[in-house]
Every structure is written in structure tokens, then in C-alpha cells.
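Q: Sequence plus predicted model, see below.
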Amino acid sequence: MLVVGLTGGIGSGKSAASKIFSELGRPVIDADLVAREVVEPGEPALGKIAAKFGADVLTPQGELDRASLREKVFSDNQAREWLEQLLHPVIRTRIMEKIEDYQGTTPLVILASPLLLETDQHKLVDHVVVIDVPESLQISRTVARDNNSEALVKRIMDAQLSRDERLSKADSVLDNGGSVESLKDQIRLLDLKLRELAADEYRL
Ligand SMILES: CC(C)(COP(=O)(O)OP(=O)(O)OC[C@H]1O[C@@H](n2cnc3c(N)ncnc32)[C@H](O)[C@@H]1O)[C@@H](O)C(=O)NCCC(=O)NCCS
Ligand SMILES: Nc1ncnc2c1ncn2[C@@H]1O[C@H](COP(=O)(O)OP(=O)(O)OP(=O)(O)O)[C@@H](O)[C@H]1O
């Protein structure tokens, strides 16, 4: 099975691209969703986060108050690094389990992750696809989507690889500076190429 990493900065279009891959029948593992699973009530990580940051990172129902934690970790690098050291190993293990579950059921699986190249998640994939947009578009699309200020989006981008560094590590690039239709066309072509790569791997 070919494991394809799909990465890009905040607001670059990973979710949009994942949806298109899903429509083509490709299974997608979404690292952002995994990151949510590992802090659900009852998970050990949630208790550790509450012990570190205090009860104001929990909602009255005892769930993680994501907006509150977001403000804290993207204004304090030490706090962000603490959170990453707690969560990234757990997220990686869950991702590995999900990849294992797909073994033998599909020729290729997509791992969509904002931090594929920033963490050692990239070691889990055979091919890196970078979805690329100019930084100005990353900011405007994220601000339009979320209830986040431009300043916060820029701080989140500062915690991620630069556009050039990310592009330098790509095996394939999707240009999402145009329409969703254009993205679809690129993904249909890329999917053919990935299927060939998967078939080559099978023949080896
Ligand atoms: C701080 C948290 C609670 C904020 O939650 P929120 O619902 O606002 O954002 P969400 O999780 O949907 O992430 C949105 C985007 O923010 C960016 N982002 C998230 N965490 C990080 C990080 N540690 N470093 C850089 N960018 C990040 C990504 O582009 C991501 O797609 C959350 O992002 C989190 O738990 N982050 C730490 C875990 C992590 O690194 N997740 C990234 C996927 S492995
Ligand atoms: N080609 C496009 N044209 C216009 N809007 C787009 C395009 N691609 C994505 N968008 C919109 O831009 C926003 C960001 O896209 P998306 O949520 O897919 O990014 P993401 O990379 O998954 O972000 P994050 O890192 O925050 O999870 C969304 O509101 C999405 O609908």
C-alpha cells in the first residue's frame, strides 16, 4: 500500500483536497481529526492539559475549550512546545494504527496533516504532496473561514514551515491559488500518477 502525505500550511486547502480524494474513493486519515480524538473526555492527555493550563481550558461540560487553548499556545512558544511534546507522540501512534488498519484493503491511503514535515510523521509516508497557495491567500481564506484574527493566523503560520521550505520537500505540488474546479482537475491527474506508483510498489 502506498501512503501519501498531503500537507500545506493553515488554510491552504488540505480539507478541500481531502474531500476531493475521498470522492475519488481514496481513504483519508486526517491528522487534525486524530488530534481531536486524543483530547476527548476520558483521554489521559485531556487531564494533563487541564492540570497544566487550569480549568479555563475546559468547557462547563468538561470538554477541551479549543479557542481558549489556541489563544494560549499561539502566544507562548513554550506552552505550544509543551503541548506538542504531549500530543505529537500520541497522535503519531494513532495515525500508525489507522494506516495499519488499511493494509491490504486499498492500494493507496492519504494522510492529510498540517505538520507532516514539521514532525516525524513524514517518515510514515512514501510520497509527499504539498498543497500550495500564496501566504496572503492562506490568511484571507482562514480569516474568512474561522473566527480568528489576522494576527492569530500569522502567529500560527510562524509556528509552521515557510512556504519555500515546504515546497522544497514536495514530491508533487497542488496549486490551490485558483478555483476548486482547478484543484479537482489537478487531483484527478495526480490520483492517476499515485495509482501508477502504488501499482509499481505492488510489482516490486
Ligand atoms: C491548539 C488547538 C487546541 C487549537 O484548536 P483549533 O480547533 O483552533 O484548531 P485545529 O486543531 O482545527 O487546527 C487548525 C490548524 O491550526 C494549525 N495548527 C494546529 N496545531 C498546530 C501546531 N502545534 N503548530 C502549528 N500549527 C498548528 C494547523 O494548520 C491546523 O490545521 C489545536 O490546534 C491543538 O491541539 N494543537 C496541538 C496538536 C497539533 O499539533 N495538531 C496539529 C495536527 S498534528
Ligand atoms: N480553491 C479554492 N477557492 C476558494 N476557496 C477555497 C479554495 N480551497 C479552499 N478554499 C476555502 O478556504 C478555506 C481553507 O481551506 P481548507 O479548510 O480546506 O484548508 P486547510 O488546509 O484544511 O486548513 P487548516 O490547516 O486550518 O485545517 C476554507 O474555507 C475553504 O472552503
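A: Everything's here; your move. Ligands and ions are numbered 1, 2, ... in the order given.

Q: With ligand 2 in mind, check whether the helix or strand harbouring D164 reaches it.
A: When elements are defined using DSSP states H and E, D164 is found to belong to helix 163-168. No - residues of helix 163-168 contacting ligand 2 under C-beta under 6 Å from any ligand atom: none, with a closest distance of 12.0 Å. No exception for glycine: its C-beta is placed from N, CA and C like everyone else's.

Q: Check stretch 2-9 too.
A: Yes - with C-beta under 6 Å from any ligand atom as the measure, stretch 2-9 is seen reaching ligand 2 through G8.

Q: in that stretch, what counts as buried?
A: 2-9 (16 or more other C-beta atoms under 10 Å).

Q: Stretch 119-135 now?
A: Quick answer for stretch 119-135 (16+ other C-beta under 10 Å): 119, 121-122, 124-125, 127-133.

Q: now the helices: where do they sit in this protein?
A: 14-23, 31-37, 44-53, 66-73, 77-102, 135-145, 150-158, 163-168, 180-203 (DSSP state H).

Q: Quick one: name the residues of the protein near ligand 1.
A: Counting by C-beta under 6 Å from any ligand atom, the chain sits next to ligand 1 at 10, 31-32, 35, 66, 69-70, 73, 80, 83-84, 87, 91, 113-115, 156, 159-160.

Q: Residues in a beta bridge with D175, which ones?
A: Judged by DSSP bridges, the bridge partners of D175 are D132.

Q: contacting residues for the residue nearest the centre of the chain?
A: Taking C-alpha atoms, centre = their mean as the criterion, S113 is the residue nearest the geometric centre of the chain, at 2.1 Å. By C-beta atoms under 8 Å, 6 or more residues apart in numbering, S113 lies in contact with 5-7, 14, 30-32, 95, 119, 121.

Q: Looking at the helices of the chain, which is nearest to L108?
A: Checking those against L108 by C-beta to C-beta gives helix 180-203 as the closest, at 4.6 Å.

Q: Let's have the buried residues of stretch 119-135 in a markdown table, adding pLDDT and distance to ligand 2.
A: Formatted as a markdown table, the buried residues of stretch 119-135 follow (pLDDT from 0 to 100; distance: C-beta to the nearest ligand atom, whole Å):
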| residue | pLDDT | distance to ligand 2 |
| --- | --- | --- |
| T119 | 97 | 14 |
| Q121 | 98 | 14 |
| H122 | 98 | 16 |
| L124 | 98 | 19 |
| V125 | 98 | 17 |
| H127 | 98 | 18 |
| V128 | 98 | 15 |
| V129 | 99 | 12 |
| V130 | 99 | 11 |
| I131 | 98 | 7 |
| D132 | 98 | 11 |
| V133 | 98 | 8 |
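
Q: isn't L167 right next to V129, touching?
A: No - using C-beta atoms under 8 Å, L167 is not in contact with V129, being 11.5 Å away.
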